[in-house]
Every structure is written in C-alpha cells, then in structure tokens.
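Peer 1: Got a predicted model here, sequence first, then my questions.
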Amino acid sequence: MNNIIARIALFFSLLTIVACENDINAIMNMDKQLAAVEEGKDIESMYSQTGRVKAKLTAPTMLRHLKPPVFVEFNTGLKVLFYNDTLGVESTLTARYGKYFENDANVFLKDHVVVINKKGERLDCEELNWDSKQQKFLSNKPVRISTVTDTLYGTGLESNQDFSDYTILHPSGPFVIQDSTMMQ
C-alpha cells in the first residue's frame, strides 16, 4: 500500500514539475508589455517654443505608451493655459480626455472640450485637435461658440491657439443678420 501511495506522489510531483515549465521568451514578452506604459500622477508640464513658454498643462494622471506609435494619454482629464509673450493667459482649454502623439506633436481631445479666450468667448465641442507646431485648433465635429452677444453653431472649426480668430466651417442654426441700410 505504501508503495502505491509513493508512486502516486511521484507521479503528481513529476506532473507538477512538467506543468511549471517557464518559457523565458514568454516571461520576457510579458515583462516588456508591463513596462510598455509609464504612469504619472499630479502632472504639471510646460510647453515652450523658441525659448518662450507657450502653455502649461496640468492633469491628475498621465499614461505614456512606449510601443510605437508612442503617445501620452490623459484619461482623467487635463487643463491647458496658453500664454502670450509676456506670460499673460490668452486662453484656457479643458477636456475630460486627451491624447498627445509625440512623433507629430498633435493632440487629440474629446469628451466635453471647452476653450475660453481672454474676451470670454467660449467654444464647446466633443472633439478637437490641437496642432502644436502650427498653433491651431481644428475640428470636423459639431461646435458651439458663445460670445457676449451671440451663440454660434456649426460643424467644423479652424482657430488660432489663443482662440481669438476662429472660423466655423459649416455654420448652422438660427441666424440674425442686421443690415444697417434696413434700419432707416
């Protein structure tokens, strides 16, 4: 009887040894996948061009994905302050999600994107692209711009970075056209 128990124990021991074989390549690939993302918390980053500070980004968290194409993801929101040459705030941008592509310096923003310029004009949209090299905002989605006197609607937008000069590509909604010659 003891001989049978010893054989069964030996059989299970051998089975366990064979089942626990580690493939070094599989372990190295698993380690690479885990190391392919860097994480940061309480992010504060300054963006400069030609030696001048242009913007300051703050975010609760940041994930930097190292597998090509390399990108940085702000999945819990972000806020950007855009500065003029004297470090006065020209405009602010907030979004609940952002993705920065390092190779082409473009930023994709989505989920309740808001841009406000120093005149108080406000852009609301669900998706917006920021080309940091050209310092432009672009969108092909519905947009709403609120000014002191009007609310403008449309699809598509081109704007400079400080949101002081913008164009709605396909305006829509109610229009009120005031012609000074008709007011006589």
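Peer 2: That came in fine, so what should we check first?
Peer 1: For the residue positioned nearest the centre of the chain, give me its contacts.
Peer 2: Centroid-nearest residue in the chain, with CA atoms, centre = their mean: Gly98, separated by 1.1 Å. Neighbouring residues of Gly98 by CB atoms under 8 Å, 6 or more residues apart in numbering: 59, 73-74, 77-78, 107-110. Using the backbone N, CA and C atoms, a C-beta is placed for each residue, glycine as well.
Peer 1: repeat for Tyr153
Peer 2: Neighbouring residues of Tyr153 by CB under 8 Å, 6+ apart: 142-145, 168, 171-173.
Peer 1: Could you do Glu126 as well?
Peer 2: The contact partners of Glu126, taken as CB under 8 Å, 6+ apart, are 110-113, 141-142.
Peer 1: still on that earlier bit, Glu38: which of the contacts of Tyr153 is nearest?
Peer 2: The shortest separation between Glu38 and any of those is 33.5 Å, and it belongs to Val143 (by CB to CB).
Peer 1: measure that closest one to Lys56 for me?
Peer 2: Note on Val143: its distance to Lys56, by CB to CB, to the nearest Å, is 25 Å.
Peer 1: neighbour-wise, which of those two wins?
Peer 2: In this comparison of Val143 against Lys56, neighbours counted by other CB atoms under 10 Å, the higher total goes to Val143 at 28 against 16.
Peer 1: mind checking which helix or strand that one is in?
Peer 2: Under the criterion of DSSP states H and E, Val143 resides in strand 136-146.
Peer 1: Show me which positions of the helix or strand following that strand end up buried.
Peer 2: The helix or strand immediately downstream of strand 136-146 is strand 151-160, counting by DSSP H and E. Within strand 151-160, the residues that qualify as buried are 152, 154, 156-157, 159-160, counting by 16 or more other CB atoms under 10 Å.
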